[in-house]
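> Following is a predicted model, sequence given first.
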Protein chains: 2
Amino acid sequence: MEIKYPTGKKAKKTPTRKKIKSRIILNAANRGMALEVDLNLANAYYQEKNIATITKRPTPIRVVKVDYSKGAKITEAFFEKQSTTDYNGIYKGKYIDFEAKSVSLKTRFPLANITPHQFSHLQSVINHGGIAFFIIEFSTFDEVYLLDASLLISAHNEGKKSIPYNKIKEKGHLITRKLAPRLDYLKVVDAVYFKE
Amino acid sequence: MEIKYPTGKKAKKTPTRKKIKSRIILNAANRGMALEVDLNLANAYYQEKNIATITKRPTPIRVVKVDYSKGAKITEAFFEKQSTTDYNGIYKGKYIDFEAKSVSLKTRFPLANITPHQFSHLQSVINHGGIAFFIIEFSTFDEVYLLDASLLISAHNEGKKSIPYNKIKEKGHLITRKLAPRLDYLKVVDAVYFKE
């Protein structure tokens, strides 16, 4: 039965903790940050459950000036580009390495989002027998895909500027959102790299 | 035949590039830095020769203030402790993870050099089937040892405060210095983890 209030308006459901959390995150200026939060939460979950040990590399920062009179306070520094990828670790005895990117575009993923260093780093990982992939979010559709790194590396080597959304939908693997962890990307890693 | 100069003094040998390099490094205020330089050079060598892809995680820095009027210049930040280890990567299909420390002590390696987080991180790596170790330099003797992480983790779990130098000499594996790479630690990894 629906409860009617004196004004005649429907009672608003009290938002769940999860909804609040995702609302805060999705309102964040940087949408890429929401993806990073989800991946960090997933990694914390995997660590807690002894499923995998995968961590985010800290953002490299070039320190210019340090004030040692104030307990090593950095007073001048600049963000640098990650020369490798953001995430790596170990899962089921295998080395895992990936880069995550979020785009608001609807039709393509521009390869300029990935540095040449990152492509060659992931190629090295493949050469040494590791698992290398990209996690790409199309934030407009709230869709997150896992793509084997070789797909983007080939496109980059062929001089392509972007990968069409349709191709990512076709060749990539959708990571469905769930409760915990919200972005269970290792389930997709299982299906893609550990099927036997 | 020895060449005598007018003054009667022996001619000094022109120092080799290698000697100059190590002299500069060993004069550095922070001896730990010399070990880090050697490891970074070794990793660069392994990368170049397609032997392995092992990288140093950037030092985590907590950014407090950023001046966006000057192209994202960080004006207040602090160094943070690495919650995992400094180095990880892939070698011969295996996940590699290690922490490197240099001490000037002659008789022991204090376990306080390693954080509880780092011990549990390396234990997780072992649990997931990776290769986990420590590289410990006794700078006074110019000796660098590779020790399987389990040795230090056990000592830590038993509540020990340090590992005697003699035990490290006995249970560890000396990494001999050579020309290139100066600290060929993967040669020792081969002997310890890939002997068949």
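Perfect, thanks for sending it.

> Let me see the ranges of the strands in chain A.
Remark: strands assigned in chain A by DSSP state E are A:52-56, A:61-67, A:73-79, A:87-91, A:94-103, A:108-110, A:131-138, A:143-148, A:162-164, A:173-174.

> Columns mean neighbour count on top of those, output as a markdown table?
For the C-beta atoms, the positions are set from N, CA and C on the backbone; glycine is no exception. Conversion of the strands of chain A to a markdown table gives the following (neighbours: other C-beta atoms under 10 Å in any protein chain shown):
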| stretch | mean neighbour count |
| --- | --- |
| strand A:52-56 | 22 |
| strand A:61-67 | 14 |
| strand A:73-79 | 17 |
| strand A:87-91 | 25 |
| strand A:94-103 | 22 |
| strand A:108-110 | 18 |
| strand A:131-138 | 24 |
| strand A:143-148 | 20 |
| strand A:162-164 | 16 |
| strand A:173-174 | 14 |
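
> Figure out which of those strands is closest to B:Phe194.
Of all these, strand A:94-103 sits nearest to B:Phe194, with 15.2 Å by C-beta to C-beta.

> nearest to B:Ile153, of the strands of chain A?
That would be strand A:52-56 among the strands of chain A, by C-beta to C-beta, at 14.4 Å.

> strands paired with the closest one, and their directions?
The strands that strand A:52-56 pairs with in its sheet are strand A:87-91 (antiparallel) (by DSSP bridges).

> Now find how far off-centre the partner strand is within its chain.
Computed by C-alpha atoms, centre = their mean, to the nearest Å, the separation of strand A:87-91 from the middle of its chain amounts to 13 Å.

> Which residues are in contact with the residue nearest to A:Tyr91 when sequence neighbours are not counted?
Distance criterion C-beta to C-beta, 6 or more residues apart in numbering or on different chains; nearest residue to A:Tyr91, sequence neighbours excluded, is A:Ala52 at 3.9 Å. Shown in contact with A:Ala52 (C-beta atoms under 8 Å, 6 or more residues apart in numbering or on different chains): A:43, A:46, A:89-92, A:96, A:186, B:128.

> And A:Ala52, how far from A:Ile126?
Relative to A:Ile126, A:Ala52 is positioned 19 Å away (C-beta to C-beta, to the nearest Å).

> give the contact list for the residue nearest the centre of chain A.
With distances taken as C-alpha atoms, centre = their mean, chain A has A:Ala100 as the residue nearest its mean C-alpha position (3.7 Å). Contacts for A:Ala100 (C-beta under 8 Å, 6+ apart) come out as A:35-36, A:39, A:86-87, A:134-137.

> mind running it again at 7 Å?
A:35-36, A:39, A:86-87, A:135 (C-beta atoms under 7 Å, 6 or more residues apart in numbering or on different chains).

> Got phi/psi on the spatially closest residue to A:Ser104 that is not a sequence neighbour?
Leaving aside its sequence neighbours, A:Ser104 sits nearest to A:Ser139 (C-beta to C-beta, 6+ apart; 5.1 Å). When read as degrees, to the nearest 10, the backbone of A:Ser139 gives phi -70, psi -30.

> can I assume A:Ser139 is in contact with A:Lys101?
No - checked against C-beta atoms under 7 Å, the pair A:Ser139 and A:Lys101 is beyond contact range at 10.3 Å.

> And for A:Lys187, the neighbour number?
Around A:Lys187 sit 15 other residues, with neighbours defined as other C-beta atoms under 10 Å in any protein chain shown.

> Now do the contacts for it.
Applying C-beta under 7 Å, 6+ apart, no residues contact A:Lys187.

> What residues are bridge-paired with A:Pro164?
Taking DSSP bridges as the rule, A:Pro164 bridges to A:Arg108.

> and it, how far is that from A:Lys171?
10 Å.

> State the pair within the contacts of A:Ala52 that is farthest apart.
Most distant of the contacts of A:Ala52, by C-beta to C-beta, are A:Asn43 and A:Lys92, 15.1 Å apart.

> Between those two, which is the more surrounded one?
Taking neighbours as other C-beta under 10 Å, A:Asn43 and A:Lys92 compare with A:Asn43 leading, 22 against 15.

> Adding pLDDT and distance to B:Leu122, write the contacts of A:Ala52 out as TSV.
Converted to TSV, the contacts of A:Ala52 look like this (pLDDT from 0 to 100; distance: C-beta to C-beta, whole Å):
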residue	pLDDT	distance to B:Leu122
A:Asn43	97	17
A:Tyr46	97	17
A:Gly89	98	13
A:Ile90	98	11
A:Tyr91	98	16
A:Lys92	98	18
A:Ile96	98	17
A:Leu186	98	21
B:His128	98	11
